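>>> build the 3D model from these lines:
(2 chains)
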Amino acid sequence: MVMSEGVAPPYLSRELEQPGKTRKGSTSSQRAGSRWGRRILTAFACLVYLYLFLPLINIIVFTFNDPAGRYNISWDGFTINNWLDPFKDQELTNAFIRSLEVAVLSISIALIMGSLVAIALARYRFTGSRGIEIFLVLPLTTPEIVLGASLYQLFLGRNVVFGFSTVVIAHVMFCVSFVALTVKARVRGFDWTLEDAAMDLGASPWRSFRKITFPLILPGIVAAALLSFALSLDDYIVTDFTKGEFTTFPIQVNNAFRVSFPPQVNVLATMVLIVSVLLLVLTSVRSEKGATR
Amino acid sequence: MAADTSSDDRGLRKGKWAPYGLLSPGILWLVLFFLVPVMILVRTALSSKASRFANPEFSWQFSNFTSAFTDYGPQFARSFLFAGIATVSAILIGYPLAYWIATQGGRWKNLLIGLVVVPFFTSYLIRTIAWTSLLKDNGVILNTIHAIPFVPQDFRLLATPAGVIGGLTYNFLSFMILPIYVSLEKIDFRLTEAAADLYGTPWQAFKKVVLPLSMPGVFAGSLLVFIPAAGDYLNNRYLGSPKTSMIGTVVQDKFLVQFDYPVAAALSLVLMAIITTMVLIYSKFLGTEGLAV
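Coordinates of the predicted model:
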């Protein structure tokens, strides 16, 4: 990552320069204390990871459950049938596909618009940039229920038909800010004179963008894409207000919960989990390589 | 391009039109689908609605706001109380983990922090349903708790405030860990050695050096947990009961079930106003950088 780090905080030098007490190594009792402290901390960290993963373990284990009733909530016996027939529930599968469609379309739109905003903020000085930055944060710091409710009122007042397009509009809205801020955070501190150098060497503006700027902002865009994919796929509250009769995967799961909770929900969720973790590992391995290159 | 720009030593350009051109698609989207809808919401909040199916008429109906407080005081109180407890719990659980990764993660740091994000890749709704399966009466967790002597036989977690707060803490915990980790990561830990050289105990070094430097992360994380928690209604739907209903529950019900738009709009605006005030105070002191995860 290209960032302006590694600069010691200014007060560091001031504190170290303070004259007075003579230096002396820490006593052995202190070291023993901190060793026990480290052990306790490590144990606590493991417990937190267990807490974070407990529901995921539950979800994965219950993909192998053979529920007696219509609710896959109590353990009734082992089976692999759910994995052999993951698309058994037609409505659930359709909702799942619609969720993927919404996510892919909204992320594509949000990535383009958000990255342009990030580039504008990161490499130009212009009047109003501070105001734009605050404006970008507002959708992220507004409770989802307010975002959803206000879009609901907008569409209702204009007699817009609720469905796929209103859900996409909403998802693009909360992803744009997110992409812009994530990409901007990654390119902050980047030395833009490299672009000038490329152009001095005869590169066209487009070529210097393609060869210099784009590769530099790409890791930020990939990170933003992954996380906004998760945001979109996962979204419940904003979608609840903008969906009309349209259903995404979480909405379908919630609607069906009154009558059933089939194990296929867990199977599909586990599939998403596996693919996302693979993508995460792949991109982090790639960026690690990029960093050591 | 070169005609209207001049750059400083970092290559930051003074653009006349280019930055506005780059900004316009994203910002326009946010104006149309975030700013305008919120203004429509303000209008709705000041309207009156003659009957369930009538259109809201704008009438400076300030009583919607007063009834928001008088009729739904308990829900507001619960929302802020639950969200507050969830935020404090997330600090207590998340800070040690972030500290452990930052100080002892070594070469596994990226992987360890990546693991914190993994729960995001399964739907928030399905994770919450997984908690109902884990916390249910006669479930794994309650059976363990009941094995402890002196625990009353009717002790349960589902449909209690503890269940809802636990769900809120769990669902938004990662939003706390990430910014704390980012701020800890920036600290030069040689400062703690300096503190030890000056006869500071490890605890003093932590309290006087590390903790103050990581406060920006704690504040950013607190906002990122508190905001979604205060407006949430899914955790209450699955882990709580009507007795633990929060303001999100009321807003969702009034908008999508009872069609009582004016009062619902007033309620969501009050929620937004309180949270926006908190965010503005935060950004005045600490800027907007820390809020982009």
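
>>> name the residues of stretch B:194-211 that are buried.
Across stretch B:194-211, burial judged by 16 or more other CB atoms under 10 Å in any protein chain shown covers B:194-198, B:200, B:202, B:205-206, B:209-210. Where C-beta positions appear, they are placed from N, C-alpha and C, glycine not excepted.

>>> again with stretch B:252-271
B:252, B:254-255, B:260-271.

>>> cool, and stretch A:80-89?
A:82, A:86, A:89.

>>> the second one: what's its closest spatial neighbour, skipping adjacent residues?
Closest residue to A:Pro86 in three dimensions, ignoring its sequence neighbours and counting by CB to CB, 6 or more residues apart in numbering or on different chains: A:Val267, at 4.4 Å.

>>> state the distance from that neighbour to A:Asn65.
According to CB to CB, to the nearest Å, A:Val267 stands 11 Å off from A:Asn65.

>>> need the residues touching each of the two.
A:Asn82 (CB atoms under 8 Å, 6 or more residues apart in numbering or on different chains).

>>> residues near B:Met215, how many?
12 (other CB atoms under 10 Å in any protein chain shown).

>>> that one in helix, strand or coil?
helix (DSSP: H, G, I helix; E, B strand; the rest coil).

>>> from what I can see B:Tyr170 touches B:Trp131, true?
Yes. Between B:Tyr170 and B:Trp131 there is a contact under CB atoms under 8 Å: 6.9 Å.

>>> any common contacting residues for those two?
In contact with both B:Tyr170 and B:Trp131: A:Pro55, using CB under 8 Å, 6+ apart.

>>> how about the residue in the stretch 151-293 of chain B that chain A sits nearest to: what's its closest non-neighbour residue?
Per CB to the nearest CB, B:Gly231 is where the stretch 151-293 of chain B lies closest to chain A, at 2.9 Å. Using CB to CB, 6+ apart and skipping the chain neighbours, the partner closest in space to B:Gly231 is A:Pro143 (2.9 Å).

>>> burial count for the one you found?
Neighbours of A:Pro143 using other CB under 10 Å come to 27.

>>> and it, backbone torsions?
The phi/psi pair for A:Pro143 (degrees, to the nearest 10) reads phi -60, psi 140.

>>> how many residues are close by residue 155?
Looking at chain A here, since you left the chain open. Around A:Phe155 there are 22 residues (other CB under 10 Å).

>>> let me rephrase: I mean chain B.
Neighbours of B:Phe155 under the rule other CB under 10 Å: 13.

>>> can you dump the C-alpha atoms of stretch B:46-61 in CSV for me?
Provided in CSV are the C-alpha atoms of stretch B:46-61 (Å, rounded to 0.1, in the frame of the first residue of the first chain):
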residue,chain,number,x,y,z
LEU,B,46,-45.0,18.1,9.0
SER,B,47,-48.1,16.8,7.2
SER,B,48,-51.3,15.4,8.4
LYS,B,49,-53.1,12.4,7.2
ALA,B,50,-56.9,12.3,7.4
SER,B,51,-57.2,8.5,7.2
ARG,B,52,-55.2,5.3,6.6
PHE,B,53,-55.4,5.6,2.8
ALA,B,54,-55.5,9.4,2.4
ASN,B,55,-52.5,11.3,1.0
PRO,B,56,-50.5,13.2,3.6
GLU,B,57,-51.3,17.0,3.4
PHE,B,58,-48.6,19.5,4.3
SER,B,59,-49.8,21.5,7.2
TRP,B,60,-47.0,22.5,9.5
GLN,B,61,-48.2,19.7,11.8
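
>>> report the distance from that stretch to the chain centre.
Remark: stretch B:46-61 is offset 32 Å from the chain centroid, using CA atoms, centre = their mean, to the nearest Å.

>>> buried ones in stretch A:215-232?
Going by 16+ other CB under 10 Å, stretch A:215-232 has these buried residues: A:216-232.

>>> among the residues you listed, which are in reach of chain B?
Subset of these in contact with chain B: A:227, A:230, counting by CB under 8 Å from any CB of the partner chain.

>>> what strand or helix carries residue 166?
By default, I'm working from chain A. helix A:164-187 (DSSP states H and E).

>>> nope, chain B
Per DSSP H and E: B:Gly166 is located in helix B:161-185.

>>> packing partners for that helix?
Judged by 3 or more CB pairs under 8 Å, 6 or more residues apart in numbering or on different chains; DSSP states H and E, helix B:161-185 is in contact with helix A:28-61, helix B:63-104, helix B:109-117, helix B:124-135, helix B:211-230, helix B:234-239.

>>> out of the ones you listed, flag the one nearest A:Ala256.
helix B:124-135 (11.2 Å; CB to CB).

>>> distance between that closest one and the chain's centre?
The chain centroid and the centroid of helix B:124-135 are separated by 19 Å under CA atoms, centre = their mean.

>>> picking up where we left off before, of A:Val267 and A:Asn65, who's got more company?
A:Val267 (24 against 19).

>>> hmm, that one is touching A:Phe64, no?
No. Applying CB under 8 Å, one finds A:Val267 not in contact with A:Phe64, separated by 9.5 Å.

>>> find residues that contact each of those two.
Common neighbours of A:Val267 and A:Phe64 (CB under 8 Å, 6+ apart) are A:82-83.

>>> picking that back up, just give me the neighbour total for the residue of the stretch 151-293 of chain B closest to chain A.
For B:Gly231, the neighbour count with other CB under 10 Å is 27.

>>> repeat that for the one 3 residues further on.
Summarising burial for B:Leu234: neighbours were counted as other CB under 10 Å, giving 23.

>>> who touches it in this structure?
A:236-237, A:254, B:124-125, B:128.

>>> go again using 7 Å as the cut-off
A:236, B:125, B:128 (CB atoms under 7 Å, 6 or more residues apart in numbering or on different chains).

>>> got it, and B:Leu184?
B:Leu184 neighbours (CB under 7 Å, 6+ apart): B:98-99, B:102, B:214, B:217.

>>> where does the prediction get shaky in the stretch 101-250 of chain A?
A:189 (pLDDT under 70).

>>> buried set for the helix holding A:Thr166?
A:164, A:166-187.

>>> so which of these are also by chain B?
Applying CB under 7 Å from any CB of the partner chain to the buried residues of helix A:164-187, one finds that A:169, A:172-173, A:176-177, A:180-182, A:185 fall near chain B.

>>> what segments of chain A are strands?
In chain A, the segments counted as strands under DSSP state E are A:124-125.
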